[in-house]
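[1] okay, here's the prediction I keep looking at, along with the sequence it came from:
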Amino acid sequence: MRAKDIGLASCHTCGLLQQLPPSGHAHCPRCHSPVHLRTPNSIQLTWALLISAIIAYLPANLYPVMTVTSLGQSQSDTIMSGVIYLLLHGDWPLALIVFVASVLVPLLKMVALLYLLFSVQRHSPMRKSQRTRLYRVIELVGRWSMVDIFVVSLLAALVQAGSLATIEPGVGAIAFTSVVILTMLAAMSFDPRLIWDHEEAHRDIT
Amino acid sequence: MTSPEQHDSLDQLPEAVVDEERKGLPIVWLLPIVALLVGGWLIYKTYSEKGPEIVISFKTAEGIEEGKTLVKLKDVKVGHVETVEFSPDLSEVLLTVSMVKGARPYLTDKTRFWVVRPRVGAGQVSGLGTLLSGAYIAIDPDDTGKQVNRFTGLETPPVITGGRKGTSYRLKASSVGSLAVGSPVYFRQIAVGEVTEYHLSDDHEYVELGIFIESPHDKFVTDATRFWNASGLDVSLSASGVTLEMESIVSLISGGIAFDTPGEQAATARAEKDHMFTLFANRAQSREQPITETTTFALAFSGTVRGLEVGAPVEFRGIRIGTVKAIELGPGPRGTASLVPIVLVDFEPQRLQAYGTLKNSPRALENRDELVSDPVARVHKQVEEDGLRARLQTGNLVTGKLFVDIGFYPDAPPPVLIDNLGYPQIPTIPSSLQGILEGIQQILDKLEKADLQQMIGNLNQLMVSTSNLMVVLEKDAPQLSDDLHGTLLDARRMLSEASATLKTVNNAASPRGEIGNQLQDTLKEITAAARSIRVMTEYLERHPDALLKGKGIK
C-alpha cells in the first residue's frame, strides 16, 4: 500500500501528516509549504531539462573549451582533442579520467535518464530495483563532471601572464557547464517513486 | 490502539489546503527552446564566419604546423593552416588554408604568400619575433587579378609588398658582383630602395637587375640618372692623398647600388617605370660621358713604352682628352731598319663639350669647335706652327704607370714622321725620364773633356804650403807648454782645499758628528713627548673626570 492510495502525505518541511485532495496539489495547513504526493510535472520537467542538455552537448564537444596562448602561439582545444593530446603524450591514466568524467559520464547520464523516462512513461514493470539504483548512481556521479569546468575556470583566472601565457575559456566550456547543470537538474526533478507507481496496478492484474 | 481508532485518527487528520491546478505547458519548456536558439546561432555564426579555403604549395613546410600556423596580414590573423599534405610527386607540400570571411576578393593570381621565419642576412635580420611564436604565413593581397584557389608560395619574402609605394627600374650590368636580392640602393648614402631580383639576360650577354626605389625618392630618378655598383671599398690615390669611399658598412658586406644625377642634367624628365639603365662599375665610371666619337692618331716612340697600358689616359695639360687604344710594334722612321713601338690613341672630342665656361670666350670656342669638327687638320696645323708633341710621362711614381702627355714644345726638333702608318700622326719627343738620362750623359761627356792634369798640380802646391805652416808652429811650442803647466798646478791646489772644507762639513752633519748628535737627541725628546701626550689623551678618553680629580690610584 502507498501513501498515495489512501490520499495521505506528510509535509516535506514540517512533517505534518495530512489528507490530500485527489489533484495532489496542495499546501500544508500548518507551515504553508507546498505538499504533493509526487513531484509535480516531474516527467515533463525532466524531459525539458534533458532535451536542453542534449542540445547543449553538441557544442560542448564541438567547440573549444580552452584557448591557451603561449608566447604568441595560441592553441584551442576541445574536450576530445585534449583527451587525444594526453593520450599521444602517454598520459593515458589522465586521459582516461578526463574521458570518463567529461565525455562518458554526461553521455551515460543522459542515456540513463532517457531510459528512466521512457520506462516510466510506458509503465514498464521490468527491473524496478535496478532502475532505482541507476537513478541513485546518476544523482551521485553527476557532480563529478564539473571537474573539467573547475580546471578551466581556475586556469583562466590564474594564468594571465600577458603575452607570456594566457588561458581563456571557450564557448565549449559554457556549453559543457550547461550540460552538467541541466543533467543534474533533470536528475533532481525526476521522481523515482514514479518507477514504483504501477507496482500495485500490475499486481492487481496478475 | 485498535484498528477502527486508527482509522478514525486517520480520518481526523487535517486536510491540506487545495491549490488551484495550473493549466498549460510548464514554463520549463522554454529551456530547450533557448538551448536550440543558442545552438542554432552558434552553428550559423561558425558557418557564416567561415571564409574560402585555399591551397598553397611550398617547397618545404619548415616551421609550419597543422591547425596552428596562422596566415597574417600586417600581423593580424586572416587565416590558418588546416592540413599539410604532399603533392602527388612529393616535390612540394600543399597547405590547405582556411581564410577568414571577406578574404575572397583578395585571393587572386597576383596575391603572394610566403613563410615568415627568422632570417639573418648580411644586410638585415628579420622575423625575429617568430623565434618564439613559430613561423607564420604572410600574405600580400592584391585584388586586381583573377580569383583563384591555388597558390604557389614564395620561398623568400618579396622585397616589395603592395603597401610600399615606389617605382621599379631595370639595370643592365656586366656581372652581378656581390649584389644580392635585398641589397640596398643608395641615394646620397641614404638607403632608398632595394635590389628585387636579378637574372641573366636572354642571350646571356649581361645581367639584368630589378631594383625598387621607394617613394618619394623615385622622383629623383631621371633619364640621365647614373647607377653604379657601390659594393665594397673604393680606394683611390691622388695628389691630395688617399680617398676611401664607401656607401655603408652594409654595402661593404652585402653589396649595394648607388645612383645620382649629374648636376647639369638634373632637369631632365623623370624616368618611366621599368626604364633600363646601365649599372656602372664604380662612381668614376658613371661620371664619364659616354664616348661615341673618336679620332685615332698614331704615335711612334723612339724609347721604351714599358709602363704604358691600353686604357691609359691621354692628357693635354693635365686634362684628359683621350685614351690609349693599342700598343704595337711598327716600322721605324725612314732610313732605319729597326721596329719601334707605335701607340694608337683615341682622341675623344666629346670630353671637351661639357665645359660651359668656354661660352664666354669666342676665340677659345672657335678653337674648340675647329678641334672637334676636324681634329686631324687642326692637329697637323699645330704640329707645324706651335710644336705640338706627344711624350710619355710617369703618372704614378710607385707603380711606374705611364700616360701620354700632349703639349706644346716650340723648341722641339722638327717632327720625324713614318710613312704609311694608316693613321694621322703626332710627332713625339723623349719622355722626361729619358730626358734626364740624356742630360746626365751630357754631364759625363763634359767631365771627360775637363783638364785633370792642371788640377793635380794645384793640389800638390796646397800640400806644400800646409807643411810649411806646421814647421813654424813646432818652433813656438815649448814656451806655451811651460805656461800651461803652471796654470794646472794652481788648479790642483784649489781643488784639494775645496775637498778639505767639504770633509769638515760632512763630519759635522754625519750622525756621529756634533750636529748629528744634537739632532738625534732632539728627535728622541720629541718622540717621548709625543708618546706621553698620546698616553694622556687615551687616559682622558677613558677617564674624563681625571681633568678635575687628577689621576686616580688603581
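    Yes, it's here. Numbering: from 1, shown residues only, chains lettered A, B, ... in the order given.
[2] quick one: pLDDT of B:Leu519?
    Per-residue confidence for B:Leu519 comes out at a pLDDT of 81.
[3] brain fart, B:Leu523
    Reported pLDDT for B:Leu523: 87.
[4] pLDDT wise, what is the closest residue to B:Asp419 other than its chain neighbours at?
    Using CB to CB, 6 or more residues apart in numbering or on different chains and skipping residues adjacent in sequence, the residue nearest B:Asp419 is B:Arg334, 6.5 Å away. C-betas here are computed from N, CA, C, even on glycine. Reported pLDDT at B:Arg334 in the predicted model: 71.
[5] break chain A into its domains for me.
    Domain assignment of chain A by automatic domain parsing yields the ranges A:1-37, A:41-205.
[6] nearest to B:Phe297, out of those?
    Closest to B:Phe297 of those is domain A:41-205 (CB to CB; 73.2 Å).
[7] report whether that closest one contacts chain B.
    Yes. Contact of domain A:41-205 with chain B is found when judged by CB under 8 Å from any CB of the partner chain, involving A:41, A:44-45, A:48-49, A:51-52, A:55-56, A:58-59, A:63, A:71-73, A:75, A:171, A:178, A:182.
[8] so B:Gly39 sits right up against A:Tyr57, yeah?
    No. Counting by CB atoms under 8 Å, no contact exists between B:Gly39 and A:Tyr57, whose distance comes to 9.7 Å.
[9] so between these two, which is more surrounded?
    For B:Gly39 versus A:Tyr57, neighbours defined as other CB atoms under 10 Å in any protein chain shown are more numerous around A:Tyr57 (22 against 17).
[10] chain neighbours aside, what residue packs nearest to that one?
    If you skip the residues right next to it in sequence, A:Tyr57 has A:Val179 as its closest partner in space, 5.1 Å away by CB to CB, 6+ apart.
[11] who are the packing partners of whichever helix or strand the one you found is part of?
    When secondary structure is defined by DSSP states H and E, A:Val179 falls within helix A:171-189. Using 3 or more CB pairs under 8 Å, 6 or more residues apart in numbering or on different chains; DSSP states H and E as the contact test, the elements touching helix A:171-189 are helix A:42-62, helix A:105-121, helix A:128-141, helix A:147-158, helix B:30-49.
[12] got the ones you listed as CSV, with mean pLDDT and distance to B:Gln461 columns?
    Output for the helices and strands packed on helix A:171-189, formatted as CSV (pLDDT from 0 to 100; distance: least, CB to CB, whole Å):
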stretch, mean pLDDT, distance to B:Gln461
helix A:42-62, 87, 133
helix A:105-121, 88, 141
helix A:128-141, 86, 145
helix A:147-158, 82, 122
helix B:30-49, 85, 126
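[13] hang on, the earlier thing: could you report the pLDDT at the residue nearest to A:Tyr57?
    Listed pLDDT for A:Val179 reads 89.
[14] so which of the domains of chain A gets nearest B:Asp75?
    Across those, closest to B:Asp75 is domain A:41-205 (CB to CB), at 10.0 Å.
[15] picking up where we left off before, out of the domains of chain A, which is the most enclosed?
    Per-residue neighbour counts averaged over each of the domains of chain A give the maximum for domain A:41-205, namely a mean of 17 (mean count of other CB atoms under 10 Å in any protein chain shown).
[16] picking up where we left off before, show the average pLDDT along the helix or strand just after the helix holding A:Val179.
    Next in sequence after helix A:171-189, counting helices and strands by DSSP H and E, comes helix A:193-196. Confidence for helix A:193-196, expressed as mean pLDDT, is 80.
[17] which elements pack onto helix A:193-196?
    The contact analysis (3+ CB pairs under 8 Å, 6+ apart) places helix A:193-196 against helix A:105-121, helix A:128-141.
[18] how about the ones you listed, which one is nearest A:Leu86?
    Among those, helix A:105-121 sits nearest to A:Leu86 (CB to CB), with 17.0 Å.
[19] quick one: distance of that closest one to the chain centre.
    Remark: helix A:105-121 is offset 10 Å from the chain centroid, using CA atoms, centre = their mean, to the nearest Å.
[20] which residues touch it?
    Judged by CB atoms under 8 Å, 6 or more residues apart in numbering or on different chains, the contacts made with helix A:105-121 from elsewhere in the structure are A:43, A:46-47, A:50, A:53-54, A:57, A:60, A:124, A:126, A:131, A:134-135, A:137-138, A:141-142, A:144-145, A:179-180, A:183, A:186-187, A:190, A:194-195.
[21] same thing with stretch B:81-101?
    Surrounding stretch B:81-101, the residues in contact under the criterion CB under 8 Å, 6+ apart are B:48-61, B:64-71, B:77-80, B:107, B:137, B:153.
[22] try it again with 6 Å
    Residues from elsewhere that reach stretch B:81-101 (CB atoms under 6 Å, 6 or more residues apart in numbering or on different chains): B:49, B:51-58, B:61, B:66, B:69, B:71, B:78-79.
[23] are any of those residues buried, and which?
    Buried subset of the contacts of stretch B:81-101 (neighbour count, 16 or more other CB atoms under 10 Å in any protein chain shown): B:Gly51, B:Pro52, B:Ile54, B:Val55, B:Ile56, B:Ser57, B:Phe58, B:Ala61, B:Thr69, B:Val71, B:Val78, B:Gly79.
[24] show me what the third one is bridged to.
    In this structure, B:Ile54 bridges to B:Val97 when assessed by DSSP bridges.
[25] may I ask you to confirm that it is in contact with B:Arg150?
    No. Distance between B:Ile54 and B:Arg150: 7.2 Å, which falls outside the contact criterion (CB atoms under 6 Å).
[26] mind checking how far A:Ile138 is from chain B?
    Summarising the geometry, the distance separating A:Ile138 from chain B, computed by CB to the nearest CB, to the nearest Å, is 19 Å.
[27] measure that residue to A:Leu117 for me?
    From A:Ile138 across to A:Leu117, the span is 12 Å (CB to CB, to the nearest Å).
[28] where does B:Thr466 land on pLDDT?
    The predicted local distance difference test score for B:Thr466 is 82.
[29] which ones are touching it?
    Here B:Thr466 is in contact with no residue (CB under 6 Å, 6+ apart).
[30] about what we covered before: turn the helices and strands packed on helix A:193-196 into a markdown table, including distance to A:Gln19.
    A markdown table is the format used below for the helices and strands packed on helix A:193-196 (distance: least, CB to CB, whole Å):
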| stretch | distance to A:Gln19 |
| --- | --- |
| helix A:105-121 | 26 |
| helix A:128-141 | 27 |
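[31] B:Ile253 is nearest to which of those?
    When those are compared for distance to B:Ile253 using CB to CB, the nearest one is helix A:105-121, at 63.7 Å.
[32] next, the angle from the closest one to helix A:147-158.
    Taking axes from the mean of the first three to the mean of the last three CA atoms, to 10 degrees, one finds that helix A:105-121 is oriented at 140 degrees with respect to helix A:147-158.
[33] and helix A:105-121 with helix A:42-62, angle?
    Angle between the axes of helix A:105-121 and helix A:42-62 is 160 degrees (criterion: the same axes, to 10 degrees).
[34] kindly export helix A:105-121 (C-alpha atoms) in CSV.
    Included here for helix A:105-121 are C-alpha records, laid out as CSV according to Å, rounded to 0.1, in the frame of the first residue of the first chain:
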residue,chain,number,x,y,z
VAL,A,105,29.6,10.3,-17.7
PRO,A,106,27.4,13.1,-19.2
LEU,A,107,26.6,10.9,-22.1
LEU,A,108,25.7,7.9,-20.0
LYS,A,109,23.7,10.1,-17.6
MET,A,110,21.6,11.4,-20.4
VAL,A,111,21.1,7.9,-21.9
ALA,A,112,20.1,6.6,-18.4
LEU,A,113,17.7,9.5,-17.9
LEU,A,114,16.1,8.8,-21.2
TYR,A,115,15.7,5.2,-20.3
LEU,A,116,14.2,6.0,-17.0
LEU,A,117,11.7,8.4,-18.6
PHE,A,118,10.7,6.0,-21.3
SER,A,119,10.3,3.1,-18.9
VAL,A,120,8.2,5.2,-16.5
GLN,A,121,6.0,6.5,-19.3
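[35] cool, thanks, signing off.
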